[in-house]
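In: When you get a sec, could you give me coordinates for this:
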Amino acid sequence: MKVEDTEQYYPCCGKSICQGCVHSFCESGNDGKCPFCNSNRGGKTDEEDVAEMMKRVAANDAVAMGMLGYKYYQGLGGVQQDHIKAIELFTKSAELGCSKAHGSLGKICHEGGALKKAKFHFEAAAMAGNEGARYNLGNLETEFGNTERAIKHWTIAASAGHYMAMHNLLIALEEREVSRESIDSTLAAYNNSCAEMRSKARDACIRVKPKLFKL
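Out: All right, here's what the predicted structure looks like:
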């Protein structure tokens, strides 16, 4: 099982921690606090969170830029929807090395029909270890008619535990575009990666907050 977006970002101090660790931290009696700076997070309004993110953006925090960009793109957290502002934030975040920002730009370019630019951003994110972008890159290659390249990208992503990449490979097997031997090898790597990512705390968090995760 591959879960995405399993980290929680704390704009108070600009640090991230996995949701499983957050769950354990809260269960130990620290609900509503930051596990890093111990500041109270409970009761924070969306506007206060955005204000903290803006301070982190001013400090050149690439992750905060990407998260604030998402809020502007979707019109969340009390900010007015502004795609131009969002793209500016994603672009600067990507320039500072945030793979998720490259992934977001790839999706925006893809939706806008700029496939070459989408490929550039997906490739940049994939090279940084973003398996979601690697999966999207495989999907993009199918649009270019490069099934063999798509399978290579899906294989890399699936071997790292990406569920949908593994799903696409199983479809490719049904359509005889990939061998049974190759699938068996990738499936073994997929299962190993999923097992390595699991922990009691993460499983407990998924049961408590299933909507946080995309399985």
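In: Show me where the chain has its strands.
Out: 7-10, 15-18 (DSSP state E).
In: So which of these is the most surrounded?
Out: When you average the neighbours per residue for each of these (mean count of other CB atoms under 10 Å), strand 7-10 leads with a mean of 18. Yep, even glycine has a C-beta here, placed from its N, CA and C like the rest.
In: Which strands or helices does that strand pack on?
Out: For strand 7-10, the packing partners by 3 or more CB pairs under 8 Å, 6 or more residues apart in numbering; DSSP states H and E come out as strand 15-18, helix 19-25, helix 62-74.
In: where among those is the average confidence lowest?
Out: Per-stretch mean pLDDT for the helices and strands packed on strand 7-10 is lowest at helix 19-25 (a mean of 65).
In: Output the longest helix belonging to the chain.
Out: helix 180-197 (DSSP state H).
In: give me phi/psi at the residue of the chain positioned farthest from its centre?
Out: Residue farthest from the centre of the chain, counting by CA atoms, centre = their mean, is R176 at 30.4 Å. Backbone dihedrals for R176, given as degrees, to the nearest 10, come out at phi 60, psi 40.
In: do the one 3 residues further on as well
Out: Listed backbone geometry of S179 is phi -80, psi 160, with angles given as degrees, to the nearest 10.
In: what do you get for Q81?
Out: phi -60, psi 130.
In: what's around M54, how many residues?
Out: As a burial measure, M54 scores 15 neighbours (other CB atoms under 10 Å).
In: who touches the residue nearest to it when sequence neighbours are not counted in this structure?
Out: With CB to CB, 6 or more residues apart in numbering as the criterion, M54 has its nearest non-adjacent residue at 6.8 Å, and that residue is L68. For L68, the contacting residues are 50, 53-54, 57, 89, by CB atoms under 8 Å, 6 or more residues apart in numbering.
In: Now with 10 Å, please.
Out: L68 sits next to 11, 49-50, 53-54, 56-57, 61, 77, 79, 85-86, 89-90, 93 when contact means CB atoms under 10 Å, 6 or more residues apart in numbering.
In: again, but for S182
Out: 151, 155, 169, 172-173.
In: Next step: the residues you listed restricted to helices.
Out: Reading helices off the contacts of S182 with DSSP H, I get 151, 155, 169, 172-173.
In: and the gap between the residue farthest from the centre of the chain and L169?
Out: Using CB to CB, to the nearest Å, R176 is found at 12 Å from L169.
In: so how far is stretch 136-150 from its chain's centroid?
Out: Centroid displacement of stretch 136-150 relative to its chain, using CA atoms, centre = their mean, to the nearest Å, is 20 Å.
In: pLDDT averaged over that stretch - what is it?
Out: Average pLDDT, stretch 136-150: 96.
In: Could you pull out the buried residues of it?
Out: 136-142, 150 (16 or more other CB atoms under 10 Å).
In: which residues of this protein score low on pLDDT?
Out: Where the chain drops to pLDDT under 70, the residues are 1-6, 18-27, 29, 36, 41-42, 199-215.
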